[in-house]
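Participant: requesting a structural model of the entry that follows:
(chains A and B)
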Amino acid sequence: MKPVITILEDRIIAAMSAAVNQRDCTAQVRPSTDPKFGDYQVNGVMALAKQLKTNPRKLAEQVVAKLDVSDICEKPEIAGPGFINLKLKPDFVAKNLLEINKDAERLGVEKADKPKTIIVDFSGPNIAKQMHVGHLRSTIIGDCICRLLELEGHKVIRQNHIGDWGTALGKVILGLWHWCMDEKKHQSKLYYATELNELKAYKENKESMISLCQRIRERHEKDWEEDGYPIRGDGNKYFGSFLDELKQRKDDEIWGNITVLYQYINLLEESLVGMNLMIPTRVKKKSYKKDENPFEYISIPYESLSRHITTMLQKIDDKDNEQEKDAWERIREISLKYCHEIYKRLNVNLSMKDVRGEGDYRKDLLPVVSDLLRHDIAVKSDWAVCVFPEGFKDKEGEPLPVIIQKSDGAYLYATTDLAAIRYRVGELKADRIIYVTDARQQLHFEMVFAVARMAGWVKPETELVHVTFGSVLGENGKPLKTREGENVKLKELLDEAVERAHKVVNEKNPELSGDEKDKIAKAVGIGAVKYADYSNNRTSDYVFSFDKMLAMEGNTAPYMQYAYARIKSIERKAQTRQVPIETELAGVKKLNISEPAELDLAKHLARYSEAIEAAAVDYRPNYLTSYLYELAQKFSVFYANCPVLDAGPDKRPTRLLLCDLTAKTIRHGLSNLLGIEVVEQM
RNA sequence: GCGCCCGUAGCUCAGUAGGAUAGAGCGUCGGUUUCCUAAACCGAAGGUCACAGGUUCGAAUCCCGUCGGGCGUACCA
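Facilitator: Below you'll find the model as predicted:
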């Protein structure tokens, strides 16, 4: 079904063209700013008058003279400097609504004329860390964008570009080794936790810090020597089997430890800078004889050990780096399983088949770099391989590089992003690629896009879109953290939301069964977190507040869910009063709209597709939540003023239909597009 | 320094390629329940759209400048 606004736009354009004998006029039909101006206002005439240097009011008169909308609107009115105000005829609204009602699946939302293949890159957690609040926005905004585009009939390919190939992984692997050695050799005394506290405590005390670091280094070297069979430091004695056992551990234990270990490695390496402490490690020989130890031993600065491991990791397809590969696969497996539990709870449509992480592009990285070098697009600069796209400057005004390979040979996220673009355009046949990440990565993507175009990996008509969003802030106006200054785990955040929702349900509706309470608490709690995010303009930061998002007043998930539950309650009540809803609804051939509240609700219902279109074209879910909120408000007014079940036989079918369509629209918006559950009662 | 984003009611935020008297919610004050869920509804007060210029029929929106805040700016993502 064509949206009313589009029909009007077409008619206005035709009238404008006829009035001034000129093509491509823009009508600028917008919803009215004030109900007293009608339902839609035409702004384009004034702009056209300016362009033609004529009197806008006169021009408006000429346009209206050519305009035929009598089947849709009352007589158009000219107002102010040259607005044309349009008011829909109740008959037209009624007819329109009946058509939408017939289309229960799509509620009147049209499909795109030319469906495109659209890649949406979102969520992308770093698997070295437990998913935290920083992953929330990309995950849910990305999911909503996919659902909107799918509704419009596009071929949407979801890509979860997980971070599994960078320095963070090197740190986790090193951390796991510490965990292993702690258990195998140090009676599980959790030395790393103790040392983490010491590192924190000695921050300001250089002497103590130095002796602490020396102590750590010595133990490390000794343990490393010992964790070797048949050759020293190969990790075959303890670490290899430890990785196998890891599968049996509980997720909570793993994540608890990894979090601490990660901090430990980070702080240790940070503290080591400038101390000149060296640690032995092995590196593969350039060439070696058969049956010879393929490794040689070198000393590297202790603080660069995790980066060294990252480089080893990035060569995991070399059969001598099997240990790193095992560790990588194990972490990936554990972490992804955990991520998908979160996705499930969040009602986000992401599955394992959508995962294509940095590491999956590993075989493309060398070709990417050599390709760019061969075509003189990339150059070596200070031993790193760089591309200098035009128009980007650094602090000194010098050309700013995209580094695609570090001086130590490691690849970076720009490299994997480039490999991903090549794959998406080349293999997936993308017409458009949408990246949903926070605004801080803007420069990165601008530059990566520039390089991809320089290399000719994207066609000129391929759209590369960076959909940005702001940060989630705490009540203090700073990025949301725990009291200890750590990232808030997504799981804990969701747990608390559900718990709080549960308390409210208990208070408001104590007579419900335990199961029902649980179900409602889950829908309300998770829904509240998601809805609060969606209802904010995505480009701005927002302050996270459980109290606000769980409030019944205002633009919140519970308010929407309540409106839905009220309608469902009417339906339940109808059964006890022997009102045959199905029969009455099926029998509606014509609507009888008499009350202002009915007309107001009906008009809004007919505009669902406009809201979808607005939200989809700008990738802004808050246009959809605003629409839904207004819908719920209008329904509340209707509910208060128009009894449904007690209405006379001339009015009841219409009112039942308004209820039914309101419920369907709320459910579609909330559940199908935002992934927020509705509940039958609350 | 340069670049990007932002500054709207006491608070949290909307404001859809410039449109008419700038909107919600919270909070404050007042009202509504013999009636389908009051987890609701209705009303009132509350604004120099950071500041100063410009563009024009018209600016919160576009341009220039100032102030204030956030983020980014070569081997992290």
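Participant: could you chop chain A up by domain?
Facilitator: As assigned by automatic domain parsing, chain A contains the domains A:4-88, A:117-162+A:340-469, A:167-313, A:490-673.
Participant: please tabulate those domains in CSV, including the columns distance to RNA strand B, mean neighbour count and mean pLDDT.
Facilitator: (Each C-beta comes from the backbone N, C-alpha and C, glycine too.) Shown next, in CSV, are those (distance: least, Cβ to the nearest atom of the strand, whole Å; neighbours: other Cβ atoms under 10 Å; pLDDT from 0 to 100):
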stretch, distance to RNA strand B, mean neighbour count, mean pLDDT
domain A:4-88, 3, 17, 91
domain A:117-162+A:340-469, 3, 19, 94
domain A:167-313, 4, 16, 90
domain A:490-673, 2, 18, 93
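Participant: out of the ones you listed, flag the one nearest residue A:99.
Facilitator: Among the domains of chain A, the nearest to residue A:99 by Cβ to Cβ is domain A:490-673 (9.1 Å).
Participant: point to the residue nearest the middle of chain A.
Facilitator: With distances taken as Cα atoms, centre = their mean, the residue of chain A nearest its centroid is residue A:138 (2.5 Å).
Participant: which among the domains of chain A is found nearest to residue A:333?
Facilitator: Per Cβ to Cβ, nearest to residue A:333 of these: domain A:167-313, 7.9 Å.
Participant: now do the same end-to-end measure for that closest one.
Facilitator: End-to-end distance for domain A:167-313, by Cα to Cα, to the nearest Å: 9 Å.
Participant: how much space between the nearest residue to residue A:175 once chain neighbours are set aside and residue A:191?
Facilitator: In space, and not counting its chain neighbours, residue A:175 is closest to residue A:261: 3.1 Å by Cβ to Cβ, 6 or more residues apart in numbering. Separation of residue A:261 from residue A:191 (Cβ to Cβ, to the nearest Å) stands at 11 Å.
Participant: give me the common contacts of these two.
Facilitator: Common neighbours of residue A:261 and residue A:191 are listed as residue A:178 (criterion: Cβ atoms under 8 Å, 6 or more residues apart in numbering).
Participant: just to revisit the earlier point, hang on, the residue nearest to the centre of chain A is in a helix, isn't it?
Facilitator: Yes. Under DSSP: H, G, I helix; E, B strand; the rest coil, residue A:138 falls within a helix.
Participant: OK, contacts around it?
Facilitator: A:122, A:123, A:124, A:436, A:437, A:438, A:469.
Participant: quick check, nearest of those residues to residue A:322?
Facilitator: The nearest member of the contacts of residue A:138 to residue A:322, counting by Cβ to Cβ, is residue A:124 at 27.2 Å.
Participant: so what touches stretch A:583-596?
Facilitator: Stretch A:583-596 is contacted from outside by A:90, A:93-94, A:97-98, A:101, A:599, A:602, A:638, A:641-642, A:650-654, A:656-657, A:660, using Cβ under 8 Å, 6+ apart.
Participant: just those residues: which are in helices?
Facilitator: Those of the contacts of stretch A:583-596 mapping onto helices are A:90, A:93-94, A:97-98, A:101, A:599, A:602, A:638, A:641, A:652-654, A:656-657, A:660, per DSSP state H.
Participant: which helix or strand contains residue A:156?
Facilitator: Assessed by DSSP states H and E, residue A:156 sits inside strand A:155-159.
Participant: now find how far off-centre that strand is within its chain.
Facilitator: Relative to the chain's own centre, strand A:155-159 is displaced by 13 Å; criterion: Cα atoms, centre = their mean, to the nearest Å.
Participant: which is the next helix or strand following that strand?
Facilitator: Downstream of strand A:155-159, the first helix or strand assigned by DSSP H and E is helix A:167-185.
Participant: show me what that next one is packed against.
Facilitator: Under the contact definition 3 or more Cβ pairs under 8 Å, 6 or more residues apart in numbering; DSSP states H and E, helix A:167-185 sits against helix A:191-201, helix A:206-226, helix A:239-246, helix A:251-272, helix A:305-313, helix A:322-346.
Participant: my read is that residue A:451 contacts residue A:377, right?
Facilitator: Yes. Using Cβ atoms under 8 Å, residue A:451 makes contact with residue A:377 at a distance of 7.3 Å.
Participant: now do the same contact list for the residue nearest to residue A:175.
Facilitator: Here residue A:261 is in contact with A:172, A:175, A:176, A:178, A:179, A:192 (criterion: Cβ under 8 Å, 6+ apart).
Participant: for the last one, give its distance to residue A:199.
Facilitator: Same thing as residue A:192. When distance is defined by Cβ to Cβ, residue A:192 is 10 Å away from residue A:199.
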